[in-house]
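Q: Please find the sequence and the predicted model below.
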Amino acid sequence: MNARLAEMYPTAFVTGASTGLGRAFAEMLLAEGVSVWGTARDPARLAELAKNQSFTPVTLELRDGPAAEKVFLEAGRAAGGFALVVNNAGYGVLGEFAETDFAIWEEQLGVMLINTARLAHAALQGMRARNRGALVNISSLAAEFPLPFQSAYNMTKAGLTALSESLMIETAGTGVVVIDFRPGDYRTDFEGAVRRPPGPASPALGRAWAAFQRMMETGPAPVHAAAALRHALLGRRSGTVRCGRFFQAKLAPLLVRFGSLPLKRRVQAKYFDLE
Ligand SMILES: NC(=O)c1ccc[n+]([C@@H]2O[C@H](COP(=O)([O-])OP(=O)(O)OC[C@H]3O[C@@H](n4cnc5c(N)ncnc54)[C@H](OP(=O)(O)O)[C@@H]3O)[C@@H](O)[C@H]2O)c1
């Protein structure tokens with residue numbers, strides 16, 4: 001056990017801890033001796049984690065912002081304030097923007113951007129008052145490389161990344177750390193949970209979805225992302241963390257940095273079988 005991480009962050013709140021990346025983050029933190037409050041919409045999905053005495057299951061639905069904030073604040077009081085908050089919960093929606101009912105996009109923006117920002121707001125108030133803590137917003141490489149036919153998802157991740165960047169400026173020189181965490185494709189339940197609302201699906205959508213599925217299914221295991229988060233937390237510095245397979249997390253961002261936007265768009269179209 002590494003005593004340092006638990007000393008820096010004795011308590012953590014992780015949204016979407018039932019499966020995938022959130023579960024791997026929770027397991028990594030528990031292994032480090034951190035007391036973890038982890039959320040799911042159905043607490044039965046947290047039963048395995050709850051076998052660990054340092055884990056507290058929390059029922060939280062992000063669709064209702066004020067209710068989610070109340071749950072967070074109650075858990076925070078029980079914990080004596082969270083030293084670490086990981087805003088992880090999320091899901092995908094695949095569809096043509098114009099042909100899909102706008103209510104579906106609006107709901108996703110509400111859950112993944114507005115209400116996630118609401119939790120960040122509540123978390124930061126406590127951290128600023130104590131002048132210590134770490135806020136981690138799980139964004140995505142989709143903030144830089146939008147996933148085809150997942151427009152609202154891309155908006156939420158770009159928005160979260162912008163929020164983290166803004167908060168890094170505001171917390172500079174304080175004891176509070178803000179991490180913009182951008183994973184590439186990982187092998188989780190995400191792909192199976194992607195909603196596909198009824199509506200016309202063009203051949204391009206079908207090809208992009210097949211490419212996306214291939215990348216998800218062959219992606220690294222979530223423990224890889226948990227190791228990257230652990231490393232970033234031990235660094236105790238605000239910043240951006242990109243993780244995932246070499247091409248996505250290292251090479252593609254270099255292309256954007258030193259290449260041109262039209263070149264980036266061409267490479268991306270090829271990557272998703274859209275050319
Ligand atoms: N996997 C990847 O390749 C990848 C890449 C980049 C970014 N990400 C991001 O990483 C995060 C975790 O994704 P994942 O791959 O681990 O997906 P996952 O395996 O599908 O897990 C999603 C988690 O989010 C929770 N959740 C979903 N909708 C919710 C809602 N309305 N309210 C509260 N909780 C909700 C789920 O909890 P329930 O038990 O309640 O369903 C689950 O714990 C997401 O923000 C995702 O966008 C993932």
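A: Great, that's in hand. Numbering: from 1, shown residues only.

Q: What parts of the stretch 1-150 of the chain come near the ligand?
A: Near the ligand, the residues belonging to the stretch 1-150 of the chain are 16, 18-22, 40-42, 45, 60-63, 88-91, 111, 138, 140 when assessed by C-beta under 6 Å from any ligand atom. In this view, the C-beta of every residue, glycine as well, is placed from N, C-alpha and C.

Q: Show me the contact partners of stretch 42-55.
A: Applying C-beta atoms under 8 Å, 6 or more residues apart in numbering, the contact partners of stretch 42-55 are 17-19, 23, 26-27, 30, 33-40, 56-59.

Q: Residue 56: which element?
A: With elements delineated by DSSP states H and E, residue 56 resides in strand 55-59, which encompasses its position.

Q: Tell me which residues of that strand come out buried.
A: The neighbour-count check on strand 55-59 (16 or more other C-beta atoms under 10 Å) flags 55-58 as buried.

Q: Over to stretch 252-270?
A: By 16+ other C-beta under 10 Å, the buried positions in stretch 252-270 come out as 252-253, 264, 267-268.

Q: Same question for stretch 77-94.
A: By neighbour count, with 16+ other C-beta under 10 Å as the criterion, the buried positions of stretch 77-94 are 79, 82-90, 92-94.

Q: Kindly report the same for stretch 205-218.
A: Of the residues in stretch 205-218, those with enough neighbours to count as buried (16+ other C-beta under 10 Å) are 205, 208-209, 211-212, 215-216.

Q: picking that back up, out of the contacts of stretch 42-55, which sit inside strands?
A: 35-40, 56-59 (DSSP state E).

Q: Could you dump these into JSON lines with pLDDT added?
A: Putting the ones in strands among the contacts of stretch 42-55 into JSON lines (pLDDT from 0 to 100) gives the following:
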{"residue": "35", "pLDDT": "98"}
{"residue": "36", "pLDDT": "98"}
{"residue": "37", "pLDDT": "98"}
{"residue": "38", "pLDDT": "98"}
{"residue": "39", "pLDDT": "98"}
{"residue": "40", "pLDDT": "98"}
{"residue": "56", "pLDDT": "98"}
{"residue": "57", "pLDDT": "98"}
{"residue": "58", "pLDDT": "98"}
{"residue": "59", "pLDDT": "98"}
